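# any chance you can model this:
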Amino acid sequence: MRSAGLRSISNERLLFSEGEVQLPGDTLFYERALENRGYRLIAGIDEAGRGPLAGPVVAAAVILRSDPELPGVRDSKTMTEKERDDAFPEILRSSLSAAVGVSSNAEIDDSDILKATLAAMKKAVLGLDPEPDFLLVDGLQTVSLSRPQRCLTKGDQRSLSISAASVIAKVYRDRVMRSYHELYPGYGFDRHKGYGTKEHLAAIRRLGPSPIHRNSFKGVRSLDKGETGSRTLW
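Residues are numbered from 1 along each chain as shown. So this is what the prediction gives:
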């Protein structure tokens with residue numbers, strides 16, 4: 001397994017020559033380029049749930065098999081809920097390994113959403129078996145692991161491995177939020193999944209925050225006036 005330092009490969013020019021240009025729709029460009037450089041276990045990493053006012057942030061890491069056939073898989077935000085649910089088992093069948101990492105709302109409140117997200121990504125990578133020898137990470141921040149990695153802005157649109165991870169993370173988190181709806185049915189978690197919709201904000205005003213709300217988020221703090229006595233509900 002290669003173990004190049006994180007900073008030593010941060011420049012894209014060190015990995016991809018000027019003659020290598022990603023064509024529109026070629027979502028395996030980065031995976032092939034890395035395979036040509038000797039990497040065999042390339043993990044795509046993405047998250048779901050950075051923006052909501054409630055629930056965890058979930059990250060997923062996926063190592064796809066060679067030449068995967070996942071024609072409908074793309075950035076999970078551009079897929080319908082049914083498309084994501086249908087793609088979920090197909091991704092697992094096309095993966096050598098897949099894992100999720102979760103940071104709870106309490107972990108988010110104890111640090112901040114970025115640190116909690118990176119912690120969830122690290123948990124996801126550590127859950128992979130076999131271990132990856134390269135990480136393709138959606139966004140701008142590397143994961144705190146001594147593995148070679150490359151950050152890709154809009155990576156869920158540019159890399160099939162990252163797109164697959166985005167779907168796994170989104171479907172997993174949606175299932176978690178539907179389970180929370182059974183515990184705290186007054187908020188509509190099964191519908192908005194914790195995002196700050198009008199319905200959700202009205203529920204916070206009416207009931208106060210639940211045990212899974214992110215109390216450090218302004219959208220929760222500004223609505224929790226302590227007028228409902230909701231702390232006694234849980």
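# rest of the way, CA atoms for contacts and neighbours
OK.
# lowest-scoring secondary structure element of this structure by mean pLDDT?
helix 218-221 (a mean of 91; mean pLDDT, DSSP states H and E).
# how about residue 141, nearest residue that isn't a chain neighbour?
Sequence neighbours aside, residue 151 is the residue nearest to residue 141 in space, at 6.6 Å (criterion: C-alpha to C-alpha, 6 or more residues apart in numbering).
# that should have said residue 219, apologies.
Nearest one to residue 219, counting by C-alpha to C-alpha, 6+ apart, is residue 53 at 6.8 Å.
# in which helix or strand does the residue nearest to residue 141 reside?
strand 149-152 (DSSP states H and E).
# swap in residue 177?
helix 160-183.
# can you give the distance of that helix from its chain's centre?
Helix 160-183 sits 8 Å away from the centroid of its parent chain (C-alpha atoms, centre = their mean, to the nearest Å).
# going by neighbour count, list what's buried in it.
Residues of helix 160-183 classed as buried by neighbour count (16 or more other C-alpha atoms under 10 Å): 160-174, 176-178, 180-181.
# ok so, going back, the residue nearest to residue 141 and residue 158 touch, don't they?
No. Using C-alpha atoms under 8 Å, residue 151 makes no contact with residue 158, being 11.3 Å away.
# any idea how far the residue positioned nearest the centre of the chain is from residue 182?
Closest residue to the average C-alpha location of the chain: residue 47 at 1.0 Å, with C-alpha atoms, centre = their mean. Counting by C-alpha to C-alpha, to the nearest Å, the gap from residue 47 to residue 182 is 24 Å.
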